[in-house]
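Participant: return atomic coordinates for the entry below.
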Amino acid sequence: MSFDPHLAEIRFGTGLSPRLAPALSAAALLARLRGPDEAAAAYPIEGWAGFQARLARAAELTEIRKAARNDAAGLRAAKKQQNLHNKAARQARADWVVSMVLRRAHTPDGFRERLTAFWADHFTVQGKFGIPRRGVAPFTESAIRPHVAGRFADMLIAATTAPMMLHYLDQASSIGPNAPEVKRRGGRAGLNENLAREVMELHTLGVGGPYTQDDVQQLAELLTGLSFTFEEGFVFRPRFAEPGPETVLGKTYGGAEVPHLAEVTEALEDLARHPATARHLARKLAMHFVSDAPPEGLIADMAARYAETDGQLAEVYAVLLDHPAAWAAPLGGNVKPPVDFIGSVLRALDVPAAKMPLGDERGFRIALAAPMEQMGQPWEQPNGPDGWPEADGDWITPQRYAARLQWLTSAPLLLLDEVPDPREVLQTALGPLAPEGLRFAVAAAQTRIEGLALAFAAPAFQRM
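Facilitator: Just a heads-up that it's a prediction; the model follows:
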């Protein structure tokens, strides 16, 4: 089987829409990906520069509160300002998530949304306290989204040096054992290997890749200059960096009297070019878009194109879209994780932006946040740096499937002025791929809500 426009929108996009025609070829799908980012323009999400201003203001308000601790009136005023700032940050984060869902519902380029989510998960970050807890969307917007059709090495460098990544993996506190800063601190230092280990194990070479503990330590020493502040964002601190050369996977980096960021960048470029990285990324992409156990031939072909093009991701996607394995099992692929399930339902229903809870934190919790958590995927909160699971069994359990059914019976009433004819929605959602038995069951439903629930709860819709 070759490219199928309807299946392509389901398997590689965010679902079929009653208003937006599917791409008619793999070339057209890739042309959309390489073209203007219309969804980001229509439903903006704050980038890192704007979010950093929030962080800087939060730090300023903390200092104002400290300064007013002996002034009762001043302390009350400072606390009020902090509460207002935190409330605005909570609302902004809720709106960013709603905008992300709206992008899925209304984009002409669903492949870009799926890829952005995939790579954001590959480079998982989380904030640990206060306003940084809400920085995942700005990180994705600035470090991930611009690179999804570009060169993997550029994304790797952007993500590795992003303040959210340095914050999440405690890199800012990492100091080389022989760094100048150690002398100033009276011999106290602390080399942190978190970032180096995740760069190798998760972001490039993969678990079981061709590296040793010594490689991790050497890379950790090379990364010691990477840091950030809430006021400045990313900074490179030579005084924190371990002096002297470091050898990673047999190649030596650094050795200059004063360490430079260029040495780190060179090492990341080399990790991105490694054959193990090509296979690791090819396997992850194939598992995400095709099946939990993708054919080895598909993985090998994608890895080969990655190597031939210096990690040009659009070229790798082209191999994926052209491979017979990508079309071998119509609607028998992976189970949709909750975010993909919800996005594709809203897209099939053509839920208007005006009905989505922008500016309404409580409405956001009722319509999206709480159901997502019950389905097993709380917004931006995977269990660890390895991101969300890919296995179908992690998403379809009795409790989590029940949460999907519960949301299906309430969402149309919350988000639409009128419940549509489920027969028409089924035709929109699956097109010619809808099984005849499902068409009959939906047509026989006693109410429109029941018909919609049958259509969206069916395996044909739940899988990609």
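Participant: now the end-to-end length of stretch 62-72.
Facilitator: 16 Å (C-alpha to C-alpha, to the nearest Å).
Participant: can you give me the strands in the stretch 251-400 of the chain?
Facilitator: 251-254 (DSSP state E, counting those that start in this stretch).
Participant: in what helix or strand does Thr247 lie?
Facilitator: With elements taken from DSSP states H and E, the one containing Thr247 is strand 245-248.
Participant: can you list the domain ranges for this structure.
Facilitator: Annotated domains of the chain cover 163-273, 338-462 [automatic domain parsing].
Participant: list the contacts for Thr62?
Facilitator: Gln82 (C-beta atoms under 8 Å, 6 or more residues apart in numbering). (Each C-beta comes from the backbone N, C-alpha and C, glycine too.)
Participant: name the SS class of it, please.
Facilitator: Three-state assignment for Thr62 (DSSP: H, G, I helix; E, B strand; the rest coil): helix.
Participant: what helix or strand is the residue nearest the centre of the chain on?
Facilitator: Nearest to the mean C-alpha position of the chain, by C-alpha atoms, centre = their mean, lies Ala120 at 2.5 Å. According to DSSP H and E, Ala120 maps onto helix 110-122.
Participant: and the strand holding Thr247, what's its mean pLDDT?
Facilitator: Strand 245-248 carries an average pLDDT of 96.
Participant: counting contacts, what elements does the one helix or strand Ala159 maps to pack onto?
Facilitator: Assigned by DSSP H and E, Ala159 belongs to helix 152-160. Judged by 3 or more C-beta pairs under 8 Å, 6 or more residues apart in numbering; DSSP states H and E, helix 152-160 is in contact with helix 261-273.
Participant: what is the helix it packs on packed up against?
Facilitator: By 3+ C-beta pairs under 8 Å, 6+ apart, helix 261-273 packs against helix 152-160, helix 213-222, strand 245-248, strand 251-254.
Participant: how about a markdown table for the ones you listed, with distance to Ala326 added?
Facilitator: Listed next are the helices and strands packed on helix 261-273 as a markdown table, based on distance: least, C-beta to C-beta, whole Å:
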| stretch | distance to Ala326 |
| --- | --- |
| helix 152-160 | 20 |
| helix 213-222 | 34 |
| strand 245-248 | 35 |
| strand 251-254 | 36 |
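Participant: Leu261: which of these is closest?
Facilitator: Between Leu261 and the helices and strands packed on helix 261-273, the shortest gap by C-beta to C-beta is with helix 152-160, which sits at 9.8 Å.
Participant: and the gap between the residue nearest to the centre of the chain and Pro146?
Facilitator: Look at Ala120 and Pro146: by C-beta to C-beta, to the nearest Å, they are 12 Å apart.
Participant: low-scoring stretches of the stretch 101-250 of the chain, by residue?
Facilitator: In the predicted model of the stretch 101-250 of the chain, residues 186-189 satisfy pLDDT under 70.
Participant: could I have the CA atoms of the helix holding Ala120 written out in PDB?
Facilitator: Extracted in PDB, the C-alpha atoms of helix 110-122 (Å, rounded to 0.1, in the frame of the first residue of the first chain):
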ATOM      1  CA  GLY A 110      -1.000  18.400  11.300                       C
ATOM      2  CA  PHE A 111       2.300  16.800  10.600                       C
ATOM      3  CA  ARG A 112       4.100  19.800  12.100                       C
ATOM      4  CA  GLU A 113       2.000  19.600  15.300                       C
ATOM      5  CA  ARG A 114       2.800  15.900  15.700                       C
ATOM      6  CA  LEU A 115       6.500  16.400  15.100                       C
ATOM      7  CA  THR A 116       6.700  19.300  17.500                       C
ATOM      8  CA  ALA A 117       5.100  17.100  20.200                       C
ATOM      9  CA  PHE A 118       7.400  14.200  19.400                       C
ATOM     10  CA  TRP A 119      10.600  16.200  19.600                       C
ATOM     11  CA  ALA A 120       9.400  18.100  22.700                       C
ATOM     12  CA  ASP A 121       8.900  14.700  24.400                       C
ATOM     13  CA  HIS A 122      12.300  13.500  23.100                       C
END
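Participant: which elements pack onto that helix?
Facilitator: Packing contacts for helix 110-122, counted by 3+ C-beta pairs under 8 Å, 6+ apart, involve helix 26-34, helix 72-106, helix 275-289, helix 338-349.
Participant: one more pass at 6 Å, please.
Facilitator: helix 26-34 (3 or more C-beta pairs under 6 Å, 6 or more residues apart in numbering; DSSP states H and E).
Participant: circling back to that earlier point, quick one: which of the domains of the chain is nearest His288?
Facilitator: For His288, the closest of the domains of the chain is domain 338-462, at 6.2 Å, according to C-beta to C-beta.
Participant: using CSV, list the CA coordinates for the next helix or strand after the helix holding Ala159.
Facilitator: Toward the C-terminus, helix 152-160 is succeeded by helix 163-168 as the next helix or strand (DSSP H and E). Only the C-alpha atoms of helix 163-168 are listed here, as CSV (Å, rounded to 0.1, in the frame of the first residue of the first chain):
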residue,chain,number,x,y,z
PRO,A,163,17.6,27.4,30.3
MET,A,164,14.7,25.0,30.9
MET,A,165,16.9,22.0,30.2
LEU,A,166,19.7,23.3,32.3
HIS,A,167,17.2,24.0,35.1
TYR,A,168,15.5,20.6,34.8
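Participant: can you list the helices and strands that helix 163-168 packs against?
Facilitator: Helix 163-168 packs on strand 226-229, going by 3+ C-beta pairs under 6 Å, 6+ apart.
Participant: would you mark the buried spots in the strand it packs on?
Facilitator: By 16 or more other C-beta atoms under 10 Å, the buried positions in strand 226-229 come out as 226-228.
Participant: can I get these in JSON lines with distance to Arg54?
Facilitator: Shown next, in JSON lines, are the buried residues of strand 226-229 (distance: C-beta to C-beta, whole Å):
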{"residue": "Leu226", "distance to Arg54": "22"}
{"residue": "Ser227", "distance to Arg54": "20"}
{"residue": "Phe228", "distance to Arg54": "14"}
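Participant: separation between Thr161 and Asp350?
Facilitator: Computed with C-beta to C-beta, the distance linking Thr161 and Asp350 is 40 Å.
Participant: er, Glu266 I mean
Facilitator: From Glu266 across to Asp350, the span is 49 Å (C-beta to C-beta).
Participant: then Val148?
Facilitator: According to C-beta to C-beta, Val148 stands 25 Å off from Asp350.
Participant: more neighbours, those two?
Facilitator: Applying other C-beta atoms under 10 Å to Val148 and Asp350 shows that Val148 carries more neighbours, namely 23 against 16.
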